[in-house]
Every structure is written in structure tokens, then in C-alpha cells.
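**Student:** got a structure for you, letters missing:
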């Protein structure tokens, strides 16, 4: 069942409107800003999943399921706690697609992908073992959706979001942002997320994005002075340095 441009447009309009409406109804702060960010993240995931599906040489039918699942994957981000948003999102997707007249099998596959895409990790267990357990029994579309979302946490998106986050928290100086980006939590987070990729294409794309980040971090260190070689002296030292 090849998707038409009109079908894609109707799904997109519904999800975008649902995100804004639920962000308002459930009392979130800066609702329009948050809903827009979540929608743009959704578009990134949809773009990623198309690239992964093509790289995995998936059928056109599978690509269509993946695209719709990507658009719905975070639709209920604001209505429930994070660990339940996949389950609720699957219900929302199924309800809309049934009303729109999609085939039952297509609806089931979309719902299964949305339901299965979210996962939590235990810091005390090896990532590979956890991912093997998490993906056990998941369909192909769910695995592709997992990778598509993870890829939005690597590379350029990770760099830009990290800068925004740091700016909102403490209004840092350029050298402080440079220090975090080149050796702090954003790079470590990207390395951690890369380990969770499960498809061959997802792993290749993740390696490319992490390589970009590593190159960017190296360029930061070449261009930006992070640590002042002439730190402000103490009051006693200032007194000693006074010229008679």
C-alpha cells in the first residue's frame, strides 16, 4: 500500500497538532516551544528511518510502516510519564489510522513499532547484553525506529542541543562551552548512545556521526583556549607582584 502525499500530510498535521494540544492541556511550560522542538525531532527521526530502511534494503511496504511509525513515535510524549509514552502512542496511532481506513495489518505493524521503540538501560549491565534482551522479539520496524531515534542523539543534533542546554542553564562563556563539547558530557553521551545501535546501517551512520563529533572536538581544542594560562592571582600574590 504505497503512501500518497495526502496521507503523509494528514498524519503530519494530526501529530503536530496533537503535540501542541497535549503540551497545553497537560500544563507544560513554554508549550509552543516544547511542542515545536518535539515535532522537529520527529522529523529528524523520520528522515533517519528512511535512510536506515534504504540502507537495509527494506521493501517499500516496510519503509511506509517505518515512516508512519516515526511520525507517531513521540506523539504522546506529553500525556504520560516517559516510560509509558510508547504504549500510549501506539494506541493513539492505531486509533487515528483505523479512522483513516488503513489496513489492519499496517496498523498493527505501526503500533508494534511505536510501542517497542523506547527502552531504558541499567548502568550496571553491559550494553550489548541489554540490547540483545531488549530487542528480543521486536519486529524489524521497531528496531529501525530505535536506531532512527538514537541517531538524533549523535553528531550535529547532539552538538547543537548541548549548546542550547548549557546556555539555558548557566549562560556560559565560549571557552566553557568549548570545554564541555570537547571533553565533557555531550561527547560521552554520544559514545554511550552509539553502543545501543542495532542495525548494520544504523551502526554505520552512528560511526559517521560520532567521527564528525570527534573531529569537531579536535578542532575546538585547536582553535579555542579553554584554560587560562594566566589565572587571576590571589590578593597576596598581587601584592608581591606590585612594582615598587
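**Tutor:** Now that the structure is in, tell me what you want to look at. What you see is a predicted model; the values in this text were computed from it and never measured.

**Student:** With adjacent residues omitted, what lies nearest to the most centrally placed residue in the chain?
**Tutor:** Centroid-nearest residue in the chain: residue 152, 3.8 Å away (criterion: C-alpha atoms, centre = their mean). Once flanking residues are discounted, residue 152 sits nearest to residue 44: 4.6 Å by C-beta to C-beta, 6 or more residues apart in numbering. C-betas here are computed from N, CA, C, even on glycine.

**Student:** Distance of that neighbour relative to residue 160?
**Tutor:** 11 Å (C-beta to C-beta, to the nearest Å).

**Student:** Just the buried residues of stretch 196-203, please?
**Tutor:** Neighbour-count burial for stretch 196-203, counted by 16 or more other C-beta atoms under 10 Å, picks out 196-199, 201-202.

**Student:** Give me the subset of those residues lying in helices.
**Tutor:** Secondary structure from DSSP state H places 201-202 of these in helices.

**Student:** Could you dump the buried residues of stretch 196-203 into TSV with distance to residue 130 and pLDDT added?
**Tutor:** Formatted as TSV, these follow (distance: C-beta to C-beta, whole Å; pLDDT from 0 to 100):
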residue	distance to residue 130	pLDDT
196	8	94
197	13	96
198	11	95
199	16	96
201	21	98
202	16	97
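
**Student:** Quick check: the farthest pair among the buried residues of stretch 196-203?
**Tutor:** 196 and 201 (14.6 Å; C-beta to C-beta).

**Student:** picking up where we left off before, of residue 44 and residue 160, which one has the most company?
**Tutor:** Neighbours were counted for residue 44 and for residue 160 using other C-beta atoms under 10 Å; residue 44 has more, 17 against 10.

**Student:** and the residue nearest to the centre of the chain, what is it in contact with?
**Tutor:** Residues near residue 152 by C-beta atoms under 8 Å, 6 or more residues apart in numbering: 41, 44-45, 48.
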